[in-house]
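Student: sequence plus the predicted model coming up.
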Amino acid sequence: MKKVVRNWYLLLLLAFLGWAGVFYYLVKKETPVIIGPFEKVNVPYETFEIYGEEGGEFISQRGTKIIIPAKAFVDKNGELINDRVLIKYRQLDNAADIFLSGLPMNYDSTGERLLETAEVIEIKAFVRNKPVFLAAGSKIDLKYTASAPLTSDYGFYHFDTENLLWQYSNDYSKEKLTAFEVGDEKYVSSVRMRKEDLFLFDLEIDQDDYPELKDFKDLKWAYIGNNDKIDPRKNSWAFKVLWTKTQLKLIDHGNKIYQLVLSNNEGRSFKTLITPYREELLQNQVEYIAAGKVKGNKTSKLEEKSIKYNLSLNQTGAWNIARKRLKEEEQIYLSTLKFSNPSLRVSEKEVYLLDMEFNTVRKISGKAAQKVSIKPSSNLIVISVDGENQISFDKISEIKSGPITGVLEFYLMQCEETIKSYNHFHKLLTM
């Protein structure tokens, strides 16, 4: 009998310890502080690996060069990391991506004051799925291409994961660059190509994978480098090889400069720099010359809009290169919300105003009528999340300024397709 009682005590003890372990796991489990609108669809991260004691560098698909020094990371106890470190990196440069990420764009607790972003840069580091942090005095350098000059009204904001707000930060440095490096190759992306120098060729691509190319009809490509090693005309052997793999990487988002990498199963490869052919390459731009040796002081409109910067960051996490939207820039509108499926109306639900012109996102409620502050000239996409991977949305182009209080009508059509991926979401918004 005593043995049976002991066994019961043992079973109760094991059960208690088991539930205690589950409780500890639930309390201590690290969960993301920011949750996007969809469980399985988000802006994907690029991932890279380095050794903490060595550091390393890599180039993102957007063409940003990230340089991490040796012995840059420590764990939560301040111990130096020498092991393999997983780097997760992404850039958000439009309101649709910001919406998908779940990051708010307000810089006050009321949610009324908004940031207009030039770019959100997010970089994280992990060792065995646990976050690690930049050591004191260590900085990550980024060679970054801005689609527009970062004027004095743009500041740098770091995301406060405790208060879920963007905090203005001085913990960075910014330096304008005259040229940009991709590996060992330099190029000036805004160039005039003389007709006799122009080398055009065809390249079959799936434009669903490259939505930024949808405006180019009967697409042809032009070589845009200035190095014999990557010039297709100086490497005729490349046309005689049977290539089994083609990679196309967007390295300069503003000017649509791509790195083309051809490879085969025998270990051979060929890299070059190309751009979709357009007439602007032949008109009103600076002379086609060796990179870094621009003649005179000529500057094209494209150059003025696309500026290279070197950024130094002393924290991981999300950084927002943005300007504060001024209250006087906005106008109050009376907005009315209608849904193609009336059963979806819930006054407490959140509806998102994606400002595609000025790159910001505002939340409003699902009420039938309400006052909303909007900046005139905005191009809006209005989205409600109806369920798992389902949305209703409406689009309004070029909001007009008017009386003191204008009226905007939003009619949200329910999308029949469920959202399957990041690219699929962007494709739906163009419909």
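Tutor: Yep, it's here.

Student: which residues of the stretch 151-300 of the chain score low on pLDDT?
Tutor: Residues of the stretch 151-300 of the chain meeting the criterion pLDDT under 70: 171-219, 226, 253-255, 278-300.

Student: ranges for the helices of the stretch 1-150 of the chain?
Tutor: Along the stretch 1-150 of the chain, counting by DSSP state H, counting those that start in this stretch, helices occupy 2-28, 95-101.

Student: what's the least confident stretch among those helices?
Tutor: Ranked by mean pLDDT, the helices of the stretch 1-150 of the chain end with helix 2-28 at the bottom, a mean of 47.

Student: what about residue 50, how many neighbours?
Tutor: 20 (other Cβ atoms under 10 Å). Yep, even glycine has a C-beta here, placed from its N, CA and C like the rest.

Student: just give the nearest non-adjacent residue to residue 124, would you?
Tutor: residue 88 (4.6 Å; Cβ to Cβ, 6 or more residues apart in numbering).

Student: and what of residue 57?
Tutor: Distance criterion Cβ to Cβ, 6+ apart; nearest residue to residue 57, sequence neighbours excluded, is residue 67 at 4.5 Å.

Student: check contacts around that neighbour.
Tutor: Residues in contact with residue 67, defined by Cβ atoms under 8 Å, 6 or more residues apart in numbering, are 55, 57, 140-143.

Student: next one: the residue nearest to residue 141 when sequence neighbours are not counted, what pLDDT does it get?
Tutor: In this structure, residue 141 finds its nearest non-sequential neighbour in residue 67, 4.2 Å apart by Cβ to Cβ, 6+ apart. pLDDT for residue 67: 91.

Student: cool, the one 4 residues further on as well?
Tutor: We have a pLDDT of 94 for residue 71.

Student: tell me how many other residues crowd it.
Tutor: The number of residues packed near residue 71 is 14, by other Cβ under 10 Å.

Student: hang on, the earlier thing: quick one, what contacts the residue nearest to residue 124?
Tutor: Neighbour list for residue 88: 45-47, 122-126 [criterion: Cβ under 8 Å, 6+ apart].

Student: would you show me how to pick out the buried ones of those residues in PyMOL?
Tutor: Selection of buried members from these for PyMOL, criterion 16 or more other Cβ atoms under 10 Å:
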select buried, resi 46+122+123+124+125+126
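
Student: between the contacts of residue 88, which is closest to residue 352?
Tutor: The shortest approach to residue 352 among the contacts of residue 88 belongs to residue 122, at 19.5 Å (Cβ to Cβ).

Student: find the residue closest to that closest one in space, skipping its chain neighbours.
Tutor: Spatially, and ignoring its direct neighbours in sequence, residue 122 is nearest to residue 318 (4.4 Å; Cβ to Cβ, 6+ apart).

Student: just checking, what's the longest strand in the protein?
Tutor: When the chain is parsed with DSSP state E, its longest strand is strand 115-127.

Student: mind giving me the packing neighbours of it?
Tutor: Using 3 or more Cβ pairs under 8 Å, 6 or more residues apart in numbering; DSSP states H and E as the contact test, the elements touching strand 115-127 are strand 84-92, helix 95-101, strand 140-146, strand 307-313, strand 317-324, strand 360-365.

Student: ok, 7 Å please
Tutor: Applying 3 or more Cβ pairs under 7 Å, 6 or more residues apart in numbering; DSSP states H and E, one finds that strand 115-127 contacts strand 84-92, strand 140-146, strand 317-324, strand 360-365.

Student: show the average pLDDT along it.
Tutor: Mean per-residue pLDDT for strand 115-127: 94.

Student: what's the local residue count around the nearest residue to residue 68 once chain neighbours are set aside?
Tutor: Sequence neighbours aside, residue 55 is the residue nearest to residue 68 in space, at 4.8 Å (criterion: Cβ to Cβ, 6+ apart). For residue 55, the tally of surrounding residues (other Cβ under 10 Å) stands at 17.

Student: so what's residue 55 bridging to?
Tutor: In this entry, residue 55 is beta-bridged to residue 51, by DSSP bridges.

Student: go on, residue 65?
Tutor: Per DSSP bridges, the residues bridged to residue 65 are residue 59, residue 143.

Student: for it, what are its contacts?
Tutor: By Cβ atoms under 7 Å, 6 or more residues apart in numbering, the contact list for residue 65 reads 57, 59, 142-143, 181.

Student: just residue 324 next, same as before
Tutor: So residue 324 contacts 107, 113, 115 (Cβ under 7 Å, 6+ apart).

Student: roughly how far does residue 382 sit from residue 406?
Tutor: With distances taken as Cβ to Cβ, to the nearest Å, residue 382 is found 15 Å from residue 406.

Student: show me the strands in the stretch 201-350 of the chain, by range?
Tutor: Listed in chain order, the strands found in the stretch 201-350 of the chain under DSSP state E, counting those that start in this stretch are 221-223, 245-252, 257-263, 269-276, 307-313, 317-324, 331-339, 350-355.

Student: from the contact counts, what lies against the second one?
Tutor: Based on contacts counted as 3+ Cβ pairs under 7 Å, 6+ apart, the elements that strand 245-252 packs against are strand 257-263.

Student: list the contacts of the strand it packs on.
Tutor: If you take Cβ under 7 Å, 6+ apart as the criterion, strand 257-263 is touched by 182, 189, 224, 238, 243, 245-251, 269-275.

Student: the inter-axis angle of that strand versus strand 140-146?
Tutor: 110 degrees (axes from the mean of the first three to the mean of the last three Cα atoms, to 10 degrees).

Student: pLDDT value on residue 56, please?
Tutor: 88.

Student: quick one: it and residue 50, what's the gap?
Tutor: 4 Å.

Student: now swap in residue 427 and tell me
Tutor: Residue 427 sits 34 Å away from residue 50, going by Cβ to Cβ.

Student: ok, and the closest non-adjacent residue to residue 92?
Tutor: Residue 92 sits nearest to residue 120 (Cβ to Cβ, 6+ apart), 4.0 Å away.

Student: quick one: contacts for the one you found?
Tutor: In this structure, residue 120 makes contact with 91-92, 98, 103, 318, 320, judged by Cβ under 7 Å, 6+ apart.

Student: so can I have TSV of those showing distance to residue 356 and neighbour count?
Tutor: Formatted as TSV, these follow (distance: Cβ to Cβ, whole Å; neighbours: other Cβ atoms under 10 Å):
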residue	distance to residue 356	neighbour count
91	17	20
92	13	21
98	10	24
103	16	21
318	20	21
320	17	27
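
Student: let me know the closest of those residues to residue 366.
Tutor: Using Cβ to Cβ, residue 98 is the member of those that lies nearest residue 366, at 20.5 Å.

Student: next up, the contacts around the closest one.
Tutor: Per Cβ under 7 Å, 6+ apart, neighbours of residue 98: 92, 105, 117, 120, 361.

Student: redo that, cut-off 10 Å
Tutor: By Cβ atoms under 10 Å, 6 or more residues apart in numbering, residue 98 lies in contact with 43, 92, 104-105, 115, 117, 120, 320, 352, 354-355, 359-361.
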